[in-house]
Every structure is written in structure tokens, then in C-alpha cells.
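Chemist: give me the fold of what follows.
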Amino acid sequence: MAQVVGERRVDNVVAGSADEYDRRSDVADRRQGNGDRRKNRPDRRQSHLSVSEAGARIERAVEISVVMPCLNEVESVGICVKKAWEGIRLSGRSGEVIVADNGSTDGSVEAAQAAGARVVHQPARGYGNAYLAGFAAARGSIIVMGDSDNSYDFTVLPDLIAPIIEHGHDYVLGSRLTGEMEQGAMPWSHRWIGNPLLTTFLNMLFKLRVSDAHSGYRVFTREALERMDLQCEGMEFASEIVVKAAGAKLSVTEVPINYHARIGESKLNSISDAWRHIRFLLLSSPAYLFLVPGAVLLAVGLIGSLALFGVTGGMSLIVSKALLALAVLSGLQVVVLGSAATTGTNRHLLGRTNRVSAWVSSGAAAEKGFVAGSILVAFGFGFLIYSCFAGWGAFDSAGPGASALIISILLPVLGVTLWFDAFFLSLFRDKQHADDHGTESVPAENVTHLREVSVREALSFEH
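Modeler: Numbering: from 1, shown residues only. Next comes the predicted model:
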């Protein structure tokens, strides 16, 4: 049976599996009464496409992959699939429609298949998980993502892929806030508070200029998808795409789109989903989450301690000096955490580096931490001995004597914590060394085998 992809036709060798060919040949041999059914069978490599050739034809046949997640969208998923096919037809290119089902129990799978979609199943719940499964199954060179609740119009697909085809952009965002929004399509709190605030927050942290960071209608090239290395499992997946597109320095543009009222019940949880976005954005920008607050605490503690060193007073002043010392200790620890977080985030999440992460990865931070810790320990004990002989006054007056005591205790504590911090930061250097030298290459024949297995799986899917 032939399979139609867009306006192109792929014969039964591509649509069927190699095992199906063997089964049909066996049936034909039995009908002919041939005792040795395989003796006179022609070599499949001569009369049919090889697995690798069939896989190449499949990849050439699919130019656009429309991927949509689905969780109990029986009323709308079929409509969306049909609109996606219409959008592909209007583009004049070949394509496929993939529905990533996230555990539907209402007949959504059957509705999607009846409309012409290929369904992949993702039992692990989550917006991001569903998309990751759909992207893994997609074969097109251009990936289109959009929800299956009929809020996005897939028939305007040619408008969204045009910047990629005509101008060479890597990624196109369909902006709801610059297009027309149907009455009731978005709650007023999302329209005027949630989305604008989260988008502004994202733009501020990552120096971007997107107008609708959480739109669900986007298009990007396969190369862009691979460069972004998406991983988030929940609703923060939408923010991850924007952040990683910026980190990968993709060429990004926006296209205004119309946003329609969804069919069915919304799966969004305003508070928890907003928190997931904020948490992801903060973790993706450790300078703002750790380094800046840590530096402020450290500066306030140091400046305050020096300013109040010779001031005398009562018990409240002693408490103030002790709190300033704790601010110094806390600030230093937060800065160290920020250095580690910056290194981990840049390496594993954003795939980039900066001066802080390069400094930590090189091992210089660990080495200097050992030296600085030793100096602080020695200086602290030396200052304690000196203050005892200097006779700077009674401790109960909260004057220089109390300040000296607090500082002489603080410095060794800082030094010891820096020793342990240095060991902690050295883990990142060791990890970098393992990344550079501990990766085993995969033999070429194994890669070929894996490729052929993947093609066989692609050949045997049910459409």
C-alpha cells in the first residue's frame, strides 16, 4: 500500500518494513509449492531498496514535521490535524503530522489517527515530555510545534515557515500579543499580567526582545533543534526554547498570529506553572540568582563591619556587628555557590561559557581558594593574638575590643569554609577533564547498525 506524504508518493518498499517483504515472499513461495521457499528468492538489495536507501528516501520525502502534544483533546485534535495537513498542502511541500499523546483516555488517539496523524506515546506526563517524544519521532528538516486544542491556526503554517525558507532564519516565534486575540481566548490575568511580566523578566535576564515568550506556536530547523538540546519536562519547556535559542545564538524572528479560544478544558495551573517558569529562568541565570545577591551581602557585611569597628554602645550594637559578620560569611558562600552554578548551567544547560565558568573549570578557583583560606586562617589567629595584647577596651562596651573578637573568630571560619569550597569547586575541573578525555568513540560499524535499526523502525510505523 502506498503512503502519501504531502503531495509526494512513497512506494510500498519505503512504507513497509523489510520483515513484511519477507512475509509476503514466504506466502508467495508456499502458493507455488516451492519446498525451499528462499532458494530462488531474488536478492532484496537488487530488486528493492536497501534499508539505508529506504531511510534516505524517507528523509527526502518529509520536509515539514508538525508536532502537537495531546492530553484528552478528543474534541479538537482531529480538527488540528486536518488543519495541519491543509497548512502543509498550502506550503507546497511534503510533510507529516505527529501527535505526541501524553496518556489520553478519551479517544484522542483514535481521533488523531483518523485525521491522518502518526501518534507517538509518551506515558511520562508533562508538556515538555510530550514534545520531546514528538521531536524524537519527527523526520522533517523544518519542525512546527503547536497545541492540539485549536487555539492555533495551522493553516497559516506557510507564513511561519517563510522566514526560514526565504530569509534563512533558524527559529520563528508566533506572537499572540502582536497579532489578533479572539474574545475569551486568554484569561485577562494571563493577557495583562502573567505573560507580560514573565516575558519582561525573561527579556531582562537574557537581554532579549521577544514579545510573547510563552507562545506555543513556533517553527525551527532541525539543526536549530539539535543545537538547543532541549531537556525540560514541564511547562517551563516554553521558556527553555527561548533561553537556549539565545544561548545558541540562533537567528530568531517573530510573526504575528491570531489566537483563538481553545476547545476543551485548559491544562494550565497558573500559579504552579508560573513558578516553574520563574524557577527555570533564575536557574538559567545564576549571576542574578547567586552572584549578585552574594556580592551584595559580602559588600554590606565588610563595609558595615569596618564602619562600626570603633563605635561603642550597648548590646544592640554587639548584635549588629555579629550580624554583619554573618553577612560576610553568608555572602561568601553564596558567591561560591554562584560560581559553581554558573559553571554547571553554562556547561550542561546553555552549552556556553563565560569568564566565571572558565575560571572555575580551569581549576584556578580551587587553587586560589586553598591559598585564600590559609591566609584567612593565619591572619585571623594572628589578629586575635594582637588584639589581646593591644588592649582595645572591654568587650561589654561593644567597642573595638568586641569588633576585634568578632573579626578574629570570623576570619578562621571563613578560611576553613574556603578550604572545603575549594574542594567543591575542584569537582568541576575534574568533570571537565572527564568530558575532554573520558568519552569513548563509537565504532563506525556500530553507528551504521544503529542507523539501520532506526530506519527499520521508521519503515514499520502505522500511518
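
Chemist: rest of the way, CA atoms for contacts and neighbours
Modeler: Fine.

Chemist: dump the residue contacts of G338.
Modeler: G338 is in contact with P286, A287, L289, F290, L291, G294, counting by CA atoms under 8 Å, 6 or more residues apart in numbering.

Chemist: name the nearest residue to the third one, sequence neighbours excluded.
Modeler: Meaning L289. L282 (5.8 Å; CA to CA, 6 or more residues apart in numbering).

Chemist: one step back: helices - which of the contacts of G338 land there?
Modeler: Judged by DSSP state H, those include P286, G294 as members of helices.

Chemist: if we can go back for a sec, how many neighbours does the residue nearest to L289 have?
Modeler: 17 (other CA atoms under 10 Å).

Chemist: and it, that's in a helix?
Modeler: Yes - using DSSP: H, G, I helix; E, B strand; the rest coil, the assignment for L282 is a helix.

Chemist: wait, it sits on F290?
Modeler: No - look at L282 against F290 with CA atoms under 8 Å: they stay out of range, at 9.2 Å.

Chemist: give me the distance between M186 and S151.
Modeler: 10 Å (CA to CA, to the nearest Å).

Chemist: the longest helix seen in the chain packs against which elements?
Modeler: The residue-count maximum for a helix in the chain (DSSP H) belongs to helix 400-437. On a contact count with 3 or more CA pairs under 8 Å, 6 or more residues apart in numbering; DSSP states H and E, helix 400-437 meets helix 315-344, helix 355-361, helix 364-390.

Chemist: what's the angle from that helix to helix 364-390?
Modeler: 170 degrees (axes from the mean of the first three to the mean of the last three CA atoms, to 10 degrees).

Chemist: what about helix 400-437, average pLDDT?
Modeler: For helix 400-437, the mean per-residue pLDDT is 75.

Chemist: and the angle from that helix to helix 315-344?
Modeler: Helix 400-437 runs at 10 degrees relative to helix 315-344, counting by the same axes, to 10 degrees.

Chemist: tell me the buried residues in helix 400-437?
Modeler: 400-419, 421-423, 425-429, 432 (16 or more other CA atoms under 10 Å).

Chemist: and if you look at stretch 145-165?
Modeler: Per 16+ other CA under 10 Å, stretch 145-165 contains these buried residues: 145-161, 163-164.

Chemist: can you tell me which of the residues you listed are in strands?
Modeler: Secondary structure from DSSP state E places M145 of the buried residues of stretch 145-165 in strands.

Chemist: can you give me phi and psi for V252?
Modeler: Backbone dihedrals for V252, given as degrees, to the nearest 10, come out at phi -120, psi 140.

Chemist: what pairs with the nearest residue to it once chain neighbours are set aside across the strands?
Modeler: Nearest non-adjacent residue to V252, counting by CA to CA, 6+ apart: Y171, 4.9 Å away. When bridges are called by DSSP bridges, Y171 pairs up with F220, V252.

Chemist: quick one, what contacts Y171?
Modeler: I164, R218, V219, F220, T221, A224, A245, L250, S251, V252, T253.

Chemist: using TSV, lay out the residues you listed together with distance to A341 and pLDDT.
Modeler: TSV is the format used below for those (distance: CA to CA, whole Å; pLDDT from 0 to 100):
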residue	distance to A341	pLDDT
I164	35	96
R218	30	94
V219	31	96
F220	29	95
T221	30	95
A224	25	94
A245	20	89
L250	24	91
S251	27	92
V252	27	92
T253	30	93
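
Chemist: out of those residues, which is most surrounded?
Modeler: Top of those by neighbour count (other CA under 10 Å): V219, with 27 neighbours.

Chemist: mind giving me the domain ranges of the protein?
Modeler: According to automatic domain parsing, the chain comprises the domains 3-52, 62-283, 286-437.

Chemist: what's the least confident stretch among these?
Modeler: Taking the mean pLDDT of these, domain 3-52 comes last: a mean of 38.

Chemist: can you tell me which of the helices and strands packed on helix 400-437 is most buried?
Modeler: The highest mean neighbour count among the helices and strands packed on helix 400-437, using mean count of other CA atoms under 10 Å, belongs to helix 315-344: a mean of 20.

Chemist: how distant is that one from the center of its chain?
Modeler: 31 Å (CA atoms, centre = their mean, to the nearest Å).

Chemist: if we can go back for a sec, make a markdown table from the contacts of G338 and add distance to M204 and neighbour count to it.
Modeler: Formatted as a markdown table, the contacts of G338 follow (distance: CA to CA, whole Å; neighbours: other CA atoms under 10 Å):
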| residue | distance to M204 | neighbour count |
| --- | --- | --- |
| P286 | 14 | 22 |
| A287 | 13 | 19 |
| L289 | 13 | 20 |
| F290 | 16 | 23 |
| L291 | 16 | 23 |
| G294 | 20 | 25 |
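
Chemist: what is the nearest of the contacts of G338 to V377?
Modeler: V377 lies nearest to G294 out of the contacts of G338, by CA to CA, at 21.4 Å.

Chemist: contact partners for the closest one?
Modeler: G294 neighbours (CA under 8 Å, 6+ apart): S330, G331, L332, Q333, V334, V335, G338.

Chemist: list just the nearest of those to V74.
Modeler: For those, the nearest to V74 is G338 (46.2 Å; CA to CA).

Chemist: how about the closest one, nearest residue that isn't a chain neighbour?
Modeler: F290 (4.5 Å).

Chemist: and the one you found, how far is that from S339?
Modeler: F290 is 8 Å from S339, by CA to CA.

Chemist: and F423, by the same measure?
Modeler: 13 Å.

Chemist: equivalent analysis for A372, please.
Modeler: 16 Å.

Chemist: also V243?
Modeler: 20 Å.

Chemist: look at A295 and say how many residues are nearby.
Modeler: 19.

Chemist: who are the packing partners of the strand or helix carrying I79?
Modeler: If you go by DSSP states H and E, I79 is part of helix 77-91. Under the contact definition 3+ CA pairs under 8 Å, 6+ apart, helix 77-91 sits against strand 64-70, strand 95-101, helix 108-114, helix 157-167.

Chemist: out of the ones you listed, nearest to L298?
Modeler: Ranked by CA to CA, the member of the helices and strands packed on helix 77-91 that lies closest to L298 is strand 64-70, at 46.7 Å.

Chemist: which outside residues touch that closest one?
Modeler: Taking CA under 8 Å, 6+ apart as the rule, strand 64-70 contacts 77, 84, 88, 93-102, 104, 108, 127, 130-131, 134-135, 138-148.
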